[in-house]
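Trainee: 3D model of this:
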Amino acid sequence: MIEGLKFEMTGTELQGHFNNRATHHRKRQEEYSKQATLFPEDDTEPSKVSNSSPRKSLEEKALEHKRKAEIAEWRSKHVMVNETYQLTENDLSQAEIVSARY
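Mentor: A predicted model of the protein is given here:
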């Protein structure tokens, strides 16, 4: 008997997915970093939607994507490609295979 929902994915598929996510997050990091340079460094006036400056918000987004890229790269390097992984719904969300907000 199988408890709960389990999904199978080969190690090769999982490694490819992590490589794609790392690429995605590196591109987002680069885009947010470029956007941040459009605002003055000493911009201390908070925006209307957050308590920080637009530049700081964009820099934080870039940092978040950098962190996610590093996690995906690490995972990709440590996947056993000759194995089959049984993933739970939580695993799918953590690995960014499905949105956590589905």
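Trainee: need the residues that contact the lowest-mean-pLDDT helix or strand in the chain.
Mentor: Every helix and strand of the chain was ranked by mean pLDDT, DSSP states H and E. The lowest is helix 89-94, at a mean of 94. Applying C-beta atoms under 8 Å, 6 or more residues apart in numbering, the contact partners of helix 89-94 are 4, 5, 7, 85, 97, 98, 99, 100. The C-beta positions use only the backbone N, C-alpha and C, and glycine is treated the same way.
Trainee: next one: stretch 3-19
Mentor: Stretch 3-19 is contacted from outside by 72-73, 75-76, 79-89, 91-92, 95-97, using C-beta under 8 Å, 6+ apart.
Trainee: can you rerun that using 7 Å?
Mentor: Contact with stretch 3-19 is made by 72, 75-76, 79-89, 92, 95, 97, as judged by C-beta atoms under 7 Å, 6 or more residues apart in numbering.
Trainee: now, those that are in helices?
Mentor: When the contacts of stretch 3-19 are checked against helices (DSSP state H), the matches are 72, 75, 76, 89, 92.
Trainee: picking up where we left off before, filter the contacts of helix 89-94 down to the buried ones.
Mentor: The neighbour-count criterion (16 or more other C-beta atoms under 10 Å) marks 85, 97 among these as buried.
Trainee: many thanks, we can stop here.
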